[in-house]
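*Asks:* Build me a structure from this.
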Amino acid sequence: MERTRWSHDWELILGGVALLAIGLVCLFFPNPTLVVLAILCGAGFLAAGVAHIALWVRTRDLIGFAGWTLAYGIIDAIVGLVFVIHPALTSVVLPWVAGALVLVLGVFEAVASFNVRSLGFRMWGWPLASGIVSILIGILFFNVPEIFAILLGLAAVMQGISLIVYGTVSSRESDIIDL
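*Replies:* Okay, the predicted model is just below:
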């Protein structure tokens with residue numbers, strides 16, 4: 001089956017747009033209650049988890065590190081569901097839970113960037129930069145929980161942009177592999 005030159009990975013793009021929107025809401029309105037942030041954060045994690053699982057389904061036979069994508073997608077989806085179902089409970093520990101997840105995401109993304117580079121993909125610099133920024137934001141979640149909404153917004157914007165970039169570039173990159 002022939003792929004068109006302009007095809008995109010719409011699951012990643014839609015997940016990215018959702019995370020980007022949630023991140024912008026957190027940045028521009030940092031004063032909502034933590035319960036609302038827990039619900040928004042849960043929706044974002046759930047969207048990212050679904051997007052990562054969809055990516056895994058599509059790429060599991062193409063690349064050797066796809067298991068990391070599935071693992072991260074499952075973790076995101078589970079955490080997202082817990083946040084949405086129990087927002088009052090999770091709002092108490094939200095800065096630390098989110099910090100741990102963003103830190104893990106950053107490590108996964110940085111490691112994956114080197115795997116992507118070794119496979120010959122040209123777009124390995126963005127996941128490395130995104131991973132480093134995510135690691136720094138995750139550390140700040142632990143050290144400065146008072147600015148949680150702003151840090152959460154930055155993390156969601158960064159991951160939203162990453163998913164959009166991956167969704168728009170993934171088809172072109174996979175076409176290169178098919179050659």
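*Asks:* Secondary structure element holding the residue nearest the centre of the chain?
*Replies:* Closest to where the C-alpha atoms of the chain average out (CA atoms, centre = their mean) is residue 159, at 4.3 Å. Using DSSP states H and E, residue 159 sits in helix 148-178.
*Asks:* sorry, back to before: excluding chain neighbours, what is closest to the residue nearest to the centre of the chain?
*Replies:* residue 19 (5.2 Å; CB to CB, 6 or more residues apart in numbering). Glycine gets a C-beta too; all of them are placed from N, C-alpha and C.
*Asks:* dump the residue contacts of the residue nearest to the centre of the chain.
*Replies:* The neighbours of residue 159, taking CB atoms under 8 Å, 6 or more residues apart in numbering as the test, are 16, 19, 23, 48, 105, 130, 134.
*Asks:* Buried residues in stretch 68-76, which are they?
*Replies:* 68, 69, 70, 72, 73, 75, 76 (16 or more other CB atoms under 10 Å).
*Asks:* Show me where this protein has its helices.
*Replies:* 10-28, 34-59, 66-85, 87-118, 125-143, 148-178 (DSSP state H).
*Asks:* among those, which is the most enclosed?
*Replies:* Each of those was scored by mean neighbour count; the highest is helix 34-59, a mean of 22, by mean count of other CB atoms under 10 Å.
*Asks:* What's the mean pLDDT across it?
*Replies:* Mean per-residue pLDDT for helix 34-59: 85.
*Asks:* how big is the angle separating it from helix 87-118?
*Replies:* With axes from the mean of the first three to the mean of the last three CA atoms, to 10 degrees applied, the angle from helix 34-59 to helix 87-118 works out at 30 degrees.
*Asks:* Need the residues that contact stretch 93-106.
*Replies:* 34, 37-38, 41, 45, 72, 75-76, 79, 83, 90, 130-142, 145, 148, 152, 155, 159.
*Asks:* repeat that with 7 Å
*Replies:* The contact list for stretch 93-106 (CB atoms under 7 Å, 6 or more residues apart in numbering) reads 34, 37-38, 41, 72, 79, 90, 131-132, 134-135, 137-139, 141-142, 145, 148, 152, 155.
*Asks:* before we move on, what about stretch 50-69?
*Replies:* By CB under 7 Å, 6+ apart, stretch 50-69 touches 11-12, 15, 70, 72-74, 76-77, 108, 112, 115, 119, 163, 174, 177.
*Asks:* Flag whichever of those scores worst on pLDDT.
*Replies:* residue 177 (41).
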